[in-house]
Structure formats: structure tokens, C-alpha cells
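Asks: I'd like to go over a predicted model; first the sequence, then the structure.
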2 protein chains.
Amino acid sequence: MLPIKIVGLGHYLPARVVTSAALEAQLNLPEGWIERVTGVRARRYVESETSVGMAVAAARHALASAACDLDAIDAIIGASAAPQQAIPCTAAFIQRELGAPEGRSACYDINATCMSFLVALQHAAALISTGIYRTMLVCSSEISTHSLNYAEPTSSVLFGDAAAAAVVTRAAPGDVSALHFSKLATYSSGVDLTRLVGGGTLHHPNNPQTTPQMNTFQMNGRAVYKQAAQLVGPFLEECFATLGWAPEDVAVIAHQASGHALDLLTERYGFRPAQIFSNLAERGNCIAASLPLAFSEAVAQGFVQRGQRVLLIGTGAGLTIGAAGLVF
Amino acid sequence: MLPIKIVGLGHYLPARVVTSAALEAQLNLPEGWIERVTGVRARRYVESETSVGMAVAAARHALASAACDLDAIDAIIGASAAPQQAIPCTAAFIQRELGAPEGRSACYDINATCMSFLVALQHAAALISTGIYRTMLVCSSEISTHSLNYAEPTSSVLFGDAAAAAVVTRAAPGDVSALHFSKLATYSSGVDLTRLVGGGTLHHPNNPQTTPQMNTFQMNGRAVYKQAAQLVGPFLEECFATLGWAPEDVAVIAHQASGHALDLLTERYGFRPAQIFSNLAERGNCIAASLPLAFSEAVAQGFVQRGQRVLLIGTGAGLTIGAAGLVF
């Protein structure tokens, strides 16, 4: 049990709404196909927003809701699948655009694709518990537009753009807020099931052999679902056994991977639908921003209350499965 | 003081040596110019190696020197400036290629450019100290070839390719090994001084407005040096004040940024040259792999002994300055 508290959450959504009906018309898909297959009715796409600009907007909301001053931030973690640019890290740009005093915070990025926020939260909890930092800002911001693979309708219609941020600090003595459990496990037999092979040293943008297709996202959705379906039950059983909590007592905030992925939580693991927060239908899968965005919206809507037990759960490319049990 | 121990270090160097004389001939630079300006006589360039292949080779050496089994690894951190591909994280590929049992370890990447290893070491220490993990593998692997900017000779001749890895675990009771201090601070007024503007959401490889030049590295070396020169003295003073150690008692392992950057440690801060390990002349600046490579070579050559006080220090894009004081 690590005595940390998420004192503020915030998010940013681009104004532009793209409905599944509009995408069906654009991509020559049957009417109603996207929602039936993916569970997504609409998603947001950026217009002029940048990854950093969205992260900063989300961070401002999180800091305001935490009543936290910029000069209290000891570290800024950029926890996204895609950076704004290759060098330097996105977090350094966030420090500057947010106006956080330079030299006051350490800035770096953590990338576990869709599980980036969960890894960052676990790390923040460890760093705060050991006294290295007192207050940390975690920002997840994703723009998927240029990486969408229209040759693969099941994945290209799934994603939306968004940012979300959390301010994490030490819980005061006697405060019930705490991280009680966190676990991540990577099953690298699934490493090629969800991938974007460009963007790194293997298929560098300037390498003449790198094709535009290599710079777009590919997912074998059926195989990912199959692997995740096998893992989620035993993983959650270990999680609740360690926590000593009854599964029916938690609010579940899941990575909004897809409708089928979310259905696993009720069909395979037996959560009641009312326990599970979902914004998939209106937001799509917002990659690393998905989990903190759902968390932020769940809190804003009163779905999660202070002092309540929360389970964060999801899978990401790798394949990595992750969960955290916390008292909000 | 966090009771952790670096139980194994390892590194991998590509076989291909590229001398500064060869680069001077290729780039029409005066004979001797590169070594005079950068301090680099030779560096390694990959031939058929991949980022993951080099990381795995380094990890095997580190695990062998630690006598650590693959199934003891709780987490694998890819701590590099550049990933092998955009999705998934490099660490997941390391798990697979290393043959580490899947589901046993969590895999994710940390990016603070040249300070990535230092951030990862700090995080590993916090995670191990809180009991989240017991044994972690940190791998830094860099291939700069495609990102070199030959329009900017001072930076393009500076870099070399390499990988290095460290196995970090809990120190046994009574063991003197520990992380006594670690600090990172980002000065984002320097965010544009060291940059690679492509490779992310701002200038996506498939965006027709992205130019090849945007996918190469740019550095205002003079401005970076000036900013670093102002920061290193006060930063090190705070470091030693917190540690309570005499500066003359430590072995200094620095990020091998450049000859001028290393000179700051003796000229501005007063370390004796004999305290400072350097492999810059034969390795160049190996980005995130530079610091752990220097550490691994320093240990292999007996420059650092078990139980000795070590200072890790460096700067990276951001601009981020970082240091750690540990007993090896």
C-alpha cells in the first residue's frame, strides 16, 4: 500500500466531432457497421491542436481541480504512445507551454502504448512513497490522425484524439487515498499483433525503403482479443486476491480498447455493467489518453467519489496487461 | 538512501569502427578537425545490427555478470532516445528476443534522451525500494545513423552507436551498495537547442510537409554548452551537500556529451582528471547508451570497484541535467 493521492484530474477534447456515420460514408462502409463492430458512435479529431497543447489544456484542468500551483510540481511525465517530436521528450515541452518554472521539475516520457498512464501512475506512486518527489504531473495526449490505416477499417475507425492529466501527491496521514496494488505483465508473443513498424530506428522516415504504410497502425484485432480474453480472468483474480477486495465493491475504469474488449469485463469476469464506466461510444479508443480520460470523466460525472475503491484495468500493445487498485 | 545494487552491467559495440580521419575525408573537413573540436577519434556504426539486437546482447552480458536468470526479471525498461519502432515499446521486443519468460516481466520505455538511463535507474530504485519489483533490467540502445545531420558537422561527427544494460536489484541487508541521491531538473528554455523535430505527431513521416531535414538531429552546441556550463556547478554543489560526500572521493561517470562538456567537470567544478572516466575518444557520444556504456566499461576496466562511491552526471535534450550518487 503506497500512500498517494490523485488530487486532480483533467482532460481536453478537440471540438471536432467525427461521427461513425460520416466515416462510413467516407470509407464506403455499410451504415451502422462501425458502431456494431467497434462500439464507437463518434470520436474527436484534432484540427489545429498539438499533442503538447492538448496535454497542457488537460494539465491546467487537473492542476485547477487539485488547487495545485505550478511551482509545486516536482516532475512531469509525458505518458503517451506517440511523442510530439523525436527529441526532446514531450514532457519538456509541457513544462515550457504550461509555464511551470524551469529547473523546478524533472521532465521525461514513459511509453507503454495504451498502458502508459498506468505505468506512470505506478512509478509516480513509488517515487512519491520513497520521498524522491512530492507532487507529480502525469499527462497523456494522443493524436492518431496521420497514423490511421484506412486499409484496415476495424482499427482506423476505432481511434479518437484526446488528452488527460493527473496530479499525484503524497496522501496526508489518516487519508484513505492510496495505491493498494499495481501490476503489469507483458506477453511478447503478441508483440506483432498491434504495431506501428515505422517511426524508429528499424524503418527510419528518411530510409528510402520505408513505405507510408509502415508509418500507419496495424492490428490483428481478433488475435489481440483472443490473447486478452485468456489473460484477463486469471490476471484479475490475482489482483483481487492480493487486494483482498470484493470485485463487486469497485468502480471499474478500463482502457476503452473496443466494445468487445469492454464486454470481456462483464462476460468473462462477471462485473455488473453498472460498475463499469465507459465513454467508448462518444470518444473512441484514445490510446494512452483513454484510461485517464475515462477516469477524469468518471470523476467529473460523479461515477467515482472520493474514498471509493477503483480498479484501473487494460491491455496495450506488447501485449501488456495492467491493473491498479486504488482508493480515490 | 535506497538499498539497491547494480548487480550486473554489460554492453555491446558494433564491430564497424569509423575513424574521424575517415569522416573528415568524407565530409571535406580539415585533417584533425573532428578530434580537436569534439574530442572524438573514432566511433562505432551499426552494420546489420538492430536496436533490440544490441540491447539484448548488452543485456546478456549484464545478466551473466550478475549471475541472474531470465526468470528473475520483474521488469524490463527500454531507456533510449529512439525506439526500434513506434509501437510497441522497445522493451517488449527485448523480452521476446532475450527469451525472458512472457507474462513474468512488465515491459515499457522511458525517454529522457541522453538522461534516459539515469531516469530509469532512479525509477528502478524507487520501485525496488517500495517492493513493487525485486529485479529490473534497464537497457539503453542507440542507432543514430539515419538521423545524422551532415549539414551540421559539429553534431553529425559526434555520435556513435552502442548499447548497454544494467541489472538492478534489492541490496541485501548489510550490503553497502545503495542509491544515496538522484536528481533531475529540466530547463525548458533550452527545449529547441537540441532537437529532432520529426518522428512524432507534429511532423509525421506521412505528412507531405515533413522534410527529410526534419528527421535529422539539430543542435546549437554553443548555446547548449553555455546553458550547461551555468548549471553544472550549482547542481553539483547541491548534490554533494545532500550526499555529505567529499567530491574528491567519488569516481565520476559522465554522459560522454563532448570533449568540451567533459572539460567542464575539471575546469568549472574542480574534479581531478584521474577521477573522471572517459571513453569519448573511441566511442563518441552514444546518446542514452553513453552513460551506462561508460559505467560498464569503467567497471570492466577496474576504474570502479565494488563498494566505491560513484557519481553519475550528465545533461540531455530538454535541457535536462541529472546526477546520481551511489555506492557501487
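Replies: Arrived safely. Residues are numbered from 1 along each chain as shown, chains lettered A, B, ... in the order given.

Asks: check contacts around residue A:139.
Replies: A:55-56, A:58-59, A:76-80, A:90-91, A:94, A:163-165 (CB atoms under 8 Å, 6 or more residues apart in numbering or on different chains). Where C-beta positions appear, they are placed from N, C-alpha and C, glycine not excepted.

Asks: run the last query once more with 6 Å
Replies: A:55, A:59, A:78, A:94, A:165 (CB atoms under 6 Å, 6 or more residues apart in numbering or on different chains).

Asks: Serialize those residues to JSON lines and add fields for neighbour count, distance to residue A:43 and secondary structure.
Replies: Supplementary listing: the contacts of residue A:139 in JSON lines, determined by neighbours: other CB atoms under 10 Å in any protein chain shown; distance: CB to CB, whole Å; DSSP: H, G, I helix; E, B strand; the rest coil:
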{"residue": "A:55", "neighbour count": "33", "distance to residue A:43": "18", "secondary structure": "helix"}
{"residue": "A:59", "neighbour count": "32", "distance to residue A:43": "22", "secondary structure": "helix"}
{"residue": "A:78", "neighbour count": "30", "distance to residue A:43": "22", "secondary structure": "strand"}
{"residue": "A:94", "neighbour count": "31", "distance to residue A:43": "24", "secondary structure": "helix"}
{"residue": "A:165", "neighbour count": "36", "distance to residue A:43": "20", "secondary structure": "strand"}
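
Asks: Residue A:132: what's its closest spatial neighbour, skipping adjacent residues?
Replies: Leaving aside its chain neighbours, residue A:132 sits nearest to residue B:126 (5.8 Å; criterion: CB to CB, 6 or more residues apart in numbering or on different chains).

Asks: Need the three-state assignment for that neighbour.
Replies: helix (DSSP: H, G, I helix; E, B strand; the rest coil).

Asks: Can you get me a residue count around it?
Replies: If you count neighbours by other CB atoms under 10 Å in any protein chain shown, residue B:126 ends up with 26.

Asks: isn't it right up against residue A:127?
Replies: Yes - Residue B:126 is within contact range of residue A:127, at 4.7 Å (criterion: CB atoms under 6 Å).

Asks: Quick check, pLDDT for the nearest residue to residue A:199 once chain neighbours are set aside.
Replies: Spatially, and ignoring its direct neighbours in sequence, residue A:199 is nearest to residue B:86 (3.2 Å; CB to CB, 6+ apart). On pLDDT, residue B:86 comes in at 96.

Asks: OK, contacts around residue B:86?
Replies: Counted by CB under 6 Å, 6+ apart, residue B:86 has contacts A:196, A:199, A:200.

Asks: Report the buried members of the residues you listed.
Replies: The neighbour count (16 or more other CB atoms under 10 Å in any protein chain shown) marks A:196, A:199, A:200 as buried among those.

Asks: closest to residue A:43 among the residues you listed?
Replies: residue A:196 (18.4 Å; CB to CB).

Asks: right, and that closest one touches residue B:87 too?
Replies: Yes - if you go by CB under 6 Å, residue A:196 and residue B:87 touch, sitting 4.0 Å apart.

Asks: Assign a three-state SS to the residue of the stretch 151-300 of chain A found nearest chain B, would you?
Replies: Relative to chain B, the nearest point of the stretch 151-300 of chain A is residue A:199 (3.2 Å; CB to the nearest CB). Here residue A:199 is recorded as coil under three-state DSSP.

Asks: Please list the residues of the stretch 201-328 of chain A that sit near chain B.
Replies: A:201, A:202, A:204, A:205, A:206, A:207, A:212, A:215, A:317, A:318 (CB under 6 Å from any CB of the partner chain).

Asks: Could you give the secondary structure assignment for the fourth one?
Replies: Three-state call for residue A:205 (three-state DSSP): coil.

Asks: quick one: it and residue B:204 touch, right?
Replies: No - between residue A:205 and residue B:204 there is no contact under CB under 6 Å: 8.8 Å.

Asks: Which one of these two is surrounded by more residues?
Replies: When neighbours are counted by other CB under 10 Å, residue A:205 and residue B:204 differ, and residue A:205 comes out ahead with 25 against 22.

Asks: Get me the contact residues on the stretch 1-150 of chain A for chain B.
Replies: Going by CB under 6 Å from any CB, the residues of the stretch 1-150 of chain A near chain B are A:51, A:82-89, A:92-93, A:95-96, A:102-103, A:106-113, A:119, A:123, A:126-127, A:129-130, A:132, A:143, A:146.

Asks: Relative to residue A:137, how far out is residue A:104?
Replies: According to CB to CB, to the nearest Å, residue A:104 stands 11 Å off from residue A:137.
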